[in-house]
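Asker: Okay, here's the prediction I keep looking at, along with the sequence it came from:
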Amino acid sequence: MSDDARVLIASAVHAALEEVPALKPLKLIVGIDMRGRGDTQQFRLEMPSVTVTKDLATDARIRVDIQRAFFNLMVENGAQVADWSEAFMYGKAKATGNAQFMKLIATVVEKQAERDRTRRASH
């Protein structure tokens, strides 16, 4: 079960990086806690290489907490960055950690969304 979780996490991160290419060079370690049916699985995501391992991630700058069923649903439906932002906004997923990294990521995502809106409007 954890093998497919690693693959799903990696595919979600790759999709987000394709949508927001400015995040690709970001060097960051993220701890991911997936809660489901009475247990919590912990993963370590290392960027920019997008290496996912089942580990405690004691050196993580950011920790993400999400329900496993919700995560699976988001990935299966091909969630985009806007969907993930909404999930964080409404508390379906929670991120804690270094405020500077979180602010940087939020700013980069907002600027990419602004560029995408401008491109659509000009065509």
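Answerer: Ah, there it is.
Asker: mind listing what Q112 touches?
Answerer: Residues in contact with Q112 (Cβ atoms under 8 Å, 6 or more residues apart in numbering) are E19, V20, A22, V81. C-beta here means a position set from N, CA and C on the backbone, and glycine is covered the same way.
Asker: Repeat that for A5.
Answerer: Counted by Cβ under 8 Å, 6+ apart, A5 has contacts M34, Q41, F43, K54, R68.
Asker: so how many other residues sit close to the third one?
Answerer: Counted by other Cβ atoms under 10 Å, the residues lying close to F43 total 21.
Asker: ok, now the second one?
Answerer: Here the count is done by other Cβ under 10 Å, and Q41 has 15 residues near it.
Asker: So for whatever helix or strand K103 lives in, mean pLDDT?
Answerer: Per DSSP states H and E, K103 falls inside helix 99-122. Helix 99-122 shows a mean pLDDT of 87.
Asker: Now do the buried residues in it.
Answerer: I105, V109, Q112 (16 or more other Cβ atoms under 10 Å).
Asker: Reformat the residues you listed into CSV and put distance to K27 next to each item.
Answerer: CSV is the format used below for the buried residues of helix 99-122 (distance: Cβ to Cβ, whole Å):
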residue, distance to K27
I105, 13
V109, 17
Q112, 19
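Asker: Can you tell me which of those residues is nearest T118?
Answerer: The closest of the buried residues of helix 99-122 to T118 turns out to be Q112 (Cβ to Cβ; 10.7 Å).
Asker: Quick one: name whatever helix or strand follows the helix or strand containing V52.
Answerer: In this structure, V52 is located in strand 51-53 according to DSSP H and E. As assigned by DSSP H and E, the chain's next helix or strand after strand 51-53 is strand 62-67.
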